[in-house]
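Let's see this in three dimensions:
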Amino acid sequence: MNAREDENKDKNIKNSELSGKTVEELNILLENAIKTRDIDAINGLLKTDVDVNNTSGSSWGYTPLCYAVYLKNIDIARLLIESGANVNKISINGETPLKIACSAYKLPPIDDMVKLLLDNGADLNIYDKGKDGPLHCAAMYNQPEAVKLLVQNGADVNVKGNYGRTPLIYSASSARLPEMVKFLIDSGADVNATNDSGENALFELITREESNAEIAKILLDNGIKKDLKNNYKMTALHWAAFCGKTNIIEVLLEYGFNIEEKDAYGNTPIIKAMSQNKIDAVKFLFNKGAKPDSQGQMGFSLLEYATRRGDKDFVRQILSKLSGKDKSSLGSLNEAAKKGDVETLKMLIESGFDVNELSTWASETPLMKAAYHGKLNAVKYLLDNGADVKMKDERGNAALLHAAWGGHTAVVKELIDRGADVNETNNFNWNALMQACVEGRYDTAELLLKAGSLTNLVDKEKGATALTLAIYNGSEKLINLLKSYGAQERSIKMREESEPYFSILDCEICQYLPDQKDLGRTTTPESFKGLEVVHSEYSQAERYCDDTKLIMRCVNCGTYYYQYHSIDSEDVFISGPSIIQRFQRINLVCLKQALFDLGKTGELEELNGRYEAIIKSFINPLKENPPHIKENCFSYAVESVMDYYIINNNWDSLYSILLNSPNENIRLKSARDIISMYGEKAVKGIPLYSYSYRSITSDFKKIFDSFFSKRVEEFAKFLDIFKNTGNIRHKTIIDAAIKHNIL
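A predicted model of the protein is given here:
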C-alpha cells in the first residue's frame, strides 16, 4: 500500500469517527482543532453539520472565527470565512472578530488579519457605545498599519471609548509611535478631546512610565490647549511635576506653561513634585524659576522639604534666593530640630530664622521638637542661641513636658539645668512627671522626683495623679518609686454607661485564689477569679482610669492589670506593657486588641522568645472552641506575628507554631498565607512593609537575600506543606522558588 492510500485510509477513519456526533460535540471538536491548528481536522469538520458561528463550543464564548483571530492564524480564519463564518458575529462577551484582531499586542503586526476581515464585510461600528471599538484597540496596542486601514475604511477618529478616551488619547498614552499620533491628527483627530477626568492626550502621555517628549511636541504644535485643567484643576505641568517627568516639564516650560499655576488646592507644580518626593523634578522646577518660598495649601514649604531630606546643598540654594523675603512661615527650623541636624539649624538661624518660631499645626517651637525626639545636641544649640525654655504649645506643654513624654532623660536634665520648671503644668494640669508616668518612663520620673517634682497634681478632666497614670501603665517599679516619694492614689471619673465585659484570666505568672469573689460586679459573678477590682464604674471599688479601661490587681502578688473595653464588648488583660497573659476563653477580637496594645508599647522587636510563648499560649485554648473560632483566631495570630519572625529571620519558630495549629486545614491555609504574603514578593525581590498595628518598616529585600543564601532549608519547609495540594493559585510562587534554587 502506497503513501497516498495510507492517507486516504486515515481520512476515512477520521470521517467515520465523526459520524453520529451531535452538533454540540462537533462544535467542541472544531474548537480543539483550531486550538491545535489542525487544518485537516478543520476541513473534515467543516464538511459535517458543525456550526461555524456557534459560541457554545468555546469556554470563552468565542465563535470559531473569533478564536482563530485570537490565535492570529490567518489561514484558519480565511478557511472559516470561506465556509460561511459570519465576520460580524459577536462573542458572548461582546467582541467581534475585528475588535479581537485589533487587540493584539506583543506580537507581529495584525494588519493582514484586519484587511481580511474588512475585505469580507467586517463592520467597524459594531461595539457598545462608550466602550472601546476596533480603532481604540489598534491605537492602544500600537498597530499603526491597522489604524490606517480602519481610518481609510471610515472609522471615526473622534469616537470615545472606555473612560471617554479617544483613539488619539490611546495612541499618545502608549507613548511609542509619534508617527501614529501624527497620522490621527492629520486624519482629523481632535487634540483637545478629553477623557472622563477632563484630561487630554497630553495628560495621558505623561501618565506613562516612559513619556515621549517628541509626542508632547507634536500635540503642542497642533494646538493642544496649554491652559486646560482636569477635574482637579491641574494643568499638564502640574501632572508632569506630580509624575516626576523632567523631560516633559522641560518641553512644557519651553511652550509657555505657567510655572506658578495653582490647582484646586492652591498647589503649584513644584509643590506637586514635592508631594510625591520627585526630587529631580523639584530641583528642575526650582532652577527654572519656581519661587523659593513656595508653600502648599497645607503649609509645607520647599525649604521644609529640603530640610526634611537632609539635603544641605539644596537648603543653601534655597536660602540664597530667600534674601529679603519673609521667612516666618516656612517652618524648616522645626524639621531640622526634629532630625537633630545642628548644621542646618545653624544655617537657618544665621540666615534670619526665628529660633522660637511656632509651627503651623501645633504651635510647637524648634526646642520642643528637639526635646520630644531626644536630640540633645540640637537642644543645646537652640538654647545657646536664644530658645525660650518656658514657651508653651497650644496644649500648654513646655519643652520639658515634651522631653519627659519621650522619656529622654538627658534632655530633661539639660532643660532643668537651663531653667525649666519641673512643676510647670499644661492645660490639663499635668506636669512633666505625669507625662513620664503615663508612658512608663522610670529613669525620667526618677530624675524629676529628685529635682523636686510634685507627685500629687490632679488632672483637670478625670482626676488622675502621677500614681494613677503609673498604674494605668502597669509598671510596678514605677508605682513603687512614686509611693516612696509619697504619691497618692485618687479616684477618677467614668462614663455612667460604660459596662466592661470580662473573660476568665488564667495567668502563668500569678497564682490566683480560686474562691476570690468579683468585688466590682454582680451581673457576672463567675467572670473572673483571683483579681481584686480596684477600679470600676461601681461604688464598691475605687476608680483609677477612664471609661475604656478597668484596673485590677492580683490579690496574691499585687501585679496590676488593665482591661480594654473594645468592640463587641470583648476584652483583653495586659500585665504591664510587655507581655500578654493567657486566656481560658479567647476569640479574634481579644487577640487583636492584645497585639494592638503590645505594638503601641514600642517593644515588638525586643520581645524575642516571649513573643513565641505568647502566641503558643493562645493556641492551646483554641482547641476547646468551635471550629470557626479556632480558624479565625489562629489565622490572625499567624498573620500578626509573621512580620516579627521574618524580621528576625526566625523561620524555625514560625514553622513550629504552624505545626501546633488546631487542625490540618488551618495549618495548610496559614502556610499558604505565609507564602502568598511573603514568599512571592521575596523571590521577586520586592521590598515588603508590615501592615500590623505597629508600623514596622525594614529593608526586607536584604533580609530575604540573606535568607536565600543561609536559610533555604527552612523556607522549603513552607513550600513543601502545600506544594502537592494541587492549588494552581500558588504555582507561580513555586516556579519562582525553583528559579531561585530554593526547591
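
For this protein, name the helix or strand with the lowest mean pLDDT.
Within the chain, no helix or strand scores below strand 579-580, which has a mean of 27 by mean pLDDT, DSSP states H and E.

Got the phi and psi for T235?
phi -90, psi 170 (degrees, to the nearest 10).

Isn't it up against L228?
Yes: in this structure T235 lies within contact range of L228 using CB atoms under 8 Å: 6.9 Å. Every C-beta, even on glycine, is put in place using the N, C-alpha and C of the backbone.

So between these two, which is more surrounded?
Each of T235 and L228 has its neighbours counted (other CB atoms under 10 Å); T235 has more, 23 against 16.

Contacts only, for the more buried one.
K226, D227, L228, K229, F257, N258, E261, D263, P269 (CB atoms under 8 Å, 6 or more residues apart in numbering).

repeat that for 7 Å
L228, K229, F257, E261 (CB atoms under 7 Å, 6 or more residues apart in numbering).

Could you give the number of residues near the second one?
Here the neighbour count serves as a burial measure; for K229 (other CB under 10 Å) it reads 16.

Would you quantify the distance from the closest residue to it other than its chain neighbours to Y265?
Closest residue in space to K229, ignoring its immediate chain neighbours: T235 at 5.7 Å, by CB to CB, 6 or more residues apart in numbering. The gap separating T235 from Y265 is 13 Å, by CB to CB, to the nearest Å.

can you list the weak-confidence ranges in the stretch 451-600 of the chain?
474, 489-600 (pLDDT under 70).

mind running it again at 90?
Residues of the stretch 451-600 of the chain meeting the criterion pLDDT under 90: 458-465, 467-477, 479, 487-600.

what about the helices in the stretch 151-300 of the chain?
With DSSP state H, counting those that start in this stretch as the criterion, the stretch 151-300 of the chain has helices at 167-174, 178-186, 201-207, 213-221, 236-243, 246-254, 269-275, 279-287.

what does the third one rub up against?
Residues lying outside helix 201-207 but in contact with it, judged by CB under 7 Å, 6+ apart, are 168-169, 172-173, 175, 191, 211-212, 215-216, 219, 224, 230, 236, 239-240, 243, 245, 248.

Give the buried residues for stretch 338-348.
Residues K338, K339, G340, D341, V342, T344, L345, M347, L348 are the ones in stretch 338-348 that count as buried (16 or more other CB atoms under 10 Å).

Looking at the second one now. What's its pLDDT?
As summarised for this prediction, K339 has a pLDDT of 92.

tell me the contacts of it?
Counting by CB under 7 Å, 6+ apart, K339 touches G310.

any idea how far A371 is from it?
Counting by CB to CB, the separation of K339 from A371 is 14 Å.

got any ranges where the stretch 251-400 of the chain has weak pLDDT?
By pLDDT under 90, the low-scoring segments of the stretch 251-400 of the chain are 263-266, 275-277, 293-301, 304-305, 308-310, 320, 322-332, 335, 351-353, 357-363.

what about 50?
Of all residues in the stretch 251-400 of the chain, none has pLDDT under 50.

Run through the strands of it in chain order.
For the stretch 251-400 of the chain, applying DSSP state E, counting those that start in this stretch gives no strands.

Poorly predicted segments of the stretch 601-743 of the chain, please.
For the stretch 601-743 of the chain, the stretches flagged by pLDDT under 50 are 601-655, 657-658, 662-663, 666, 677-715, 717-719, 721-734, 736-743.

meant to ask about the stretch 51-200 of the chain
Checking the stretch 51-200 of the chain against pLDDT under 50 turns up nothing.

quick one on the thing from earlier: could I get the helices of the stretch 151-300 of the chain as TSV with mean neighbour count?
Shown next, in TSV, are the helices of the stretch 151-300 of the chain (neighbours: other CB atoms under 10 Å):
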stretch	mean neighbour count
helix 167-174	28
helix 178-186	20
helix 201-207	26
helix 213-221	19
helix 236-243	27
helix 246-254	20
helix 269-275	27
helix 279-287	20
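
Endpoint to endpoint, stretch 193-202 covers what distance?
Across stretch 193-202, the terminal residues are separated by 10 Å (CA to CA, to the nearest Å).

in it, what counts as buried?
By 16+ other CB under 10 Å, the buried positions in stretch 193-202 come out as A193, T194, N195, E199, N200, A201, L202.

about what we covered before: now the helices of the stretch 151-300 of the chain in JSON lines, with distance to A104?
Converted to JSON lines, these look like this (distance: least, CB to CB, whole Å):
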{"stretch": "helix 167-174", "distance to A104": "14"}
{"stretch": "helix 178-186", "distance to A104": "15"}
{"stretch": "helix 201-207", "distance to A104": "21"}
{"stretch": "helix 213-221", "distance to A104": "22"}
{"stretch": "helix 236-243", "distance to A104": "28"}
{"stretch": "helix 246-254", "distance to A104": "29"}
{"stretch": "helix 269-275", "distance to A104": "37"}
{"stretch": "helix 279-287", "distance to A104": "35"}
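
among those helices, which is nearest I471?
Nearest to I471, of all the helices of the stretch 151-300 of the chain, is helix 269-275, at 44.1 Å by CB to CB.

helices or strands up against the closest one?
helix 236-243, helix 279-287, helix 302-309 (3 or more CB pairs under 7 Å, 6 or more residues apart in numbering; DSSP states H and E).

Could you export the ones you listed as a markdown table, including distance to E82?
Converted to a markdown table, the helices and strands packed on helix 269-275 look like this (distance: least, CB to CB, whole Å):
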| stretch | distance to E82 |
| --- | --- |
| helix 236-243 | 50 |
| helix 279-287 | 57 |
| helix 302-309 | 67 |
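
Quick one: closest of the ones you listed to Y381.
Smallest distance to Y381 across the helices and strands packed on helix 269-275 (CB to CB): 15.0 Å, for helix 302-309.

Which elements pack onto that closest one?
helix 269-275, helix 312-320, helix 332-339.

then the first one to CSV, C-alphas only?
This means helix 269-275. This file holds the C-alpha atoms of helix 269-275, laid out as CSV (Å, rounded to 0.1, in the frame of the first residue of the first chain):
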residue,chain,number,x,y,z
PRO,A,269,3.8,72.4,40.1
ILE,A,270,6.8,72.3,42.4
ILE,A,271,4.5,71.5,45.4
LYS,A,272,3.0,68.6,43.4
ALA,A,273,6.5,67.3,42.8
MET,A,274,7.4,67.6,46.5
SER,A,275,4.2,65.7,47.4
